[in-house]
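Asker: Give me the fold of what follows.
(chains A, B and C)
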Amino acid sequence: MTQNHPSSEQQRILQTIHAIPIGQVATYGLIAKLSGLPGKARYVGYILKSLPEGSSIPWHRVINAQGKISFPEHSEVYREQKQRLLAEDVIFKGHKIPLKQYLWKQSS
DNA sequence: TTAGTGACCGACT
DNA sequence: CAGTCGGCCACTA
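Answerer: Residues are numbered from 1 along each chain as shown, chains lettered A, B, ... in the order given. Below you'll find the model as predicted:
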């Protein structure tokens, strides 16, 4: 199978992100895995980067595997993401979110 | 077509 | 705990 509908992959990813409950977060890698695209964490990042302005996608609930926001600490977008998370009562330990305790079903 | 670039990840110092 | 490193793969110039 050499043909693949590119947009369907994106939609699966966006759908997965959209399903993240308020007050919870998920890593890029987990999003990819739950979307049936294991190993394509960077793809998730790429899609979020190219997300339209007024999108209803809760992009702020996506963080990296280190439990941190994937933006330069001093950037404006970093502050916005952190602000949105704090507004949902997501707890930060310094600059990190304690995944072990708050991350979305770590399954396993 | 090739080479460079990431809103990444896991294993390993 | 903090760095490095190699792998990953869609996208772009």
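Asker: use CA for all of it now, contacts and neighbours both
Answerer: Will do.
Asker: For chain A, which residues are neighbours of DNA strand B?
Answerer: A:27-30, A:39, A:41-46, A:48-51, A:59-60, A:62-66, A:70-71 (Cα under 7 Å from any atom of the strand).
Asker: Run through the bridge partners of the most centrally placed residue in chain A.
Answerer: The C-alpha lying nearest the average C-alpha coordinate of chain A belongs to A:V62 (Cα atoms, centre = their mean; 1.8 Å). According to DSSP bridges, the partner residues bridging A:V62 are A:A26.
Asker: three-state assignment of A:K82?
Answerer: helix (DSSP: H, G, I helix; E, B strand; the rest coil).
Asker: ugh, wrong one, I meant A:Q15
Answerer: At A:Q15 the chain is in helix, as set by three-state DSSP.
Asker: gap between it and DNA strand B?
Answerer: For A:Q15, the distance to DNA strand B (Cα to the nearest atom of the strand, to the nearest Å) stands at 15 Å.
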